[in-house]
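> how would this look folded up:
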Amino acid sequence: MAPTQPTANAPLGERLMHLAQTLQFAWFVGHVTLLLTTMRYGLSYITMNSASRWARFSYRTAFVAAAVTYGIVVFKGFRARQKAGKAQGSPLAIAGDENVQYLAMALVWLISRQYPLALLPFTVYSIFHILTYTRGILLPTIQPPPPTPAGQKPKASALSDTLGRFVKDYYDASMSIVAGLEIALWFRILVSAIMFAKGSWILLVIYTVFLRARMSQSTFVQGMLKQMGARGDAVANRQDVPPAARNVWEQVKGAAVMAHEKTDVNKYVQGQQAAPQKKAS
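Residues are numbered from 1 along each chain as shown. Okay, the predicted model is just below:
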């Protein structure tokens with residue numbers, strides 16, 4: 001049985017104790033841990049000491065924290081559907097869940113060789129999750145808002161307003177940065193594969209599947225790819241670019257479009273859903 005929600009007049013220790021017993025607080029701690037260990041690893045990386053014991057520990061701990069946070073979200077979604085009596089969905093539908101995808105990639109990065117760039121998308125997400133949790137849960141718990149008349153919204157603190165404005169003003173730009181980082185990471189793995197680094201070809205296949213899913217689900221990834229395509233077209237159409245280079249670009253772009261269409265999972269999912277309907281009629 002869940003503990004009783006303490007009132008706003010309850011002692012601070014009691015309110016914090018109740019908060020610490022929630023699964024959402026463990027999710028928040030996971031994001032804080034990811035952010036701190038990434039900062040610690042970043043310090044080692046900047047000082048060219050990324051092979052040290054502390055750097056390796058920080059890197060692996062960051063992805064353990066990432067796996068925990070996304071695992072909690074996946075578990076809460078599973079439990080919510082179970083309580084509502086809803087079906088959990090097919091394996092393909094489960095794999096299409098963004099949280100499941102990031103959970104899988106966190107586990108993949110955990111057991112793979114170090115790719116510092118892989119930490120950055122998770123870190124950006126963690127920053128916004130920490131800010132949102134702090135504003136919506138932590139601050140009201142530490143300092144509950146004063147009673148307000150019925151029909152009026154509780155007055156937020158100055159710090160809460162500042163955090164809210166930051167999230168609102170920088171969220172879209174930050175998600176575009178994440179999309180760019182995820183695309184850049186694919187090229188980083190490709191370079192490792194070309195150089196035949198250990199396990200890089202397997203990692204390239206796994207990450208390509210992940211990135212393909214992001215292309216279908218994320219408007220930010222789609223927008224970043226369109227920007228890259230537009231810039232490529234602008235460069236290829238310059239007068240000083242040799243026709244051979246322009247032809248190579250067109251072939252690469254055409255191959256990318258064909259691969260995108262051939263790997264569109266939504267077509268297969270829709271086909272599976274349409275077939276039973278046709279049979280029933």
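> Tell me the spacing between the nearest residue to residue 12 once chain neighbours are set aside and residue 15.
Spatial nearest neighbour of residue 12, excluding adjacent residues (CB to CB, 6 or more residues apart in numbering): residue 142 at 6.8 Å. Backbone N, C-alpha and C define where each C-beta goes, glycine included. Taking CB to CB, to the nearest Å as the measure, residue 142 falls 8 Å from residue 15.
> So which of those two has more stuff around it?
Counting neighbours by other CB atoms under 10 Å for residue 142 and for residue 15 shows that residue 15 has the greater number, 19 against 13.
> Packing partners of the strand or helix carrying the more buried one?
Using DSSP states H and E, residue 15 maps to helix 12-20. The contact analysis (3 or more CB pairs under 8 Å, 6 or more residues apart in numbering; DSSP states H and E) places helix 12-20 against helix 139-142.
> Okay, buried residues for the very next helix or strand once past the helix it packs on please.
Beyond helix 139-142 on the C-terminal side, the first helix or strand identified by DSSP H and E is helix 158-194. For helix 158-194, a neighbour-count test (16 or more other CB atoms under 10 Å) marks 160, 163, 174-183, 185, 188-189, 192-193 as buried.
> Please name every helix or strand in contact with helix 158-194.
Partner elements for helix 158-194 (3+ CB pairs under 8 Å, 6+ apart): helix 119-133, helix 200-217, helix 219-236.
> Distance from the chain centre to it, please.
9 Å (CA atoms, centre = their mean, to the nearest Å).
> okay, the angle between that helix and helix 219-236?
50 degrees (axes from the mean of the first three to the mean of the last three CA atoms, to 10 degrees).
> Measure how far the direction of helix 158-194 deviates from that of helix 119-133, in degrees.
Between helix 158-194 and helix 119-133, the angle comes out at 160 degrees (the same axes, to 10 degrees).
> tell me the contacts of residue 193?
Contact analysis of residue 193 by CB atoms under 8 Å, 6 or more residues apart in numbering lists 200-201, 203-204.
> Tell me the spatial nearest neighbour of it, not counting adjacent residues.
residue 200 (4.2 Å).
> What distance do you get for the one you found to residue 66?
Per CB to CB, residue 200 is found 21 Å from residue 66.
> surely residue 139 meets residue 159?
Yes - taking contacts as CB atoms under 8 Å, residue 139 lies within contact range of residue 159: 6.5 Å.
> hmm, back to that, for the helix holding residue 15, buried residues please.
When burial is assessed from 16+ other CB under 10 Å, helix 12-20 yields the following buried residues: 15, 18-19.
> just checking, what packs against the following helix or strand past that helix?
As assigned by DSSP H and E, the chain's next helix or strand after helix 12-20 is helix 23-46. In this structure, helix 23-46 makes packing contacts with helix 53-83, helix 119-133, judged by 3+ CB pairs under 8 Å, 6+ apart.
> Could you say which of those is packed most deeply?
Most buried of the helices and strands packed on helix 23-46 by mean neighbour count (mean count of other CB atoms under 10 Å) is helix 119-133; its value is a mean of 20.
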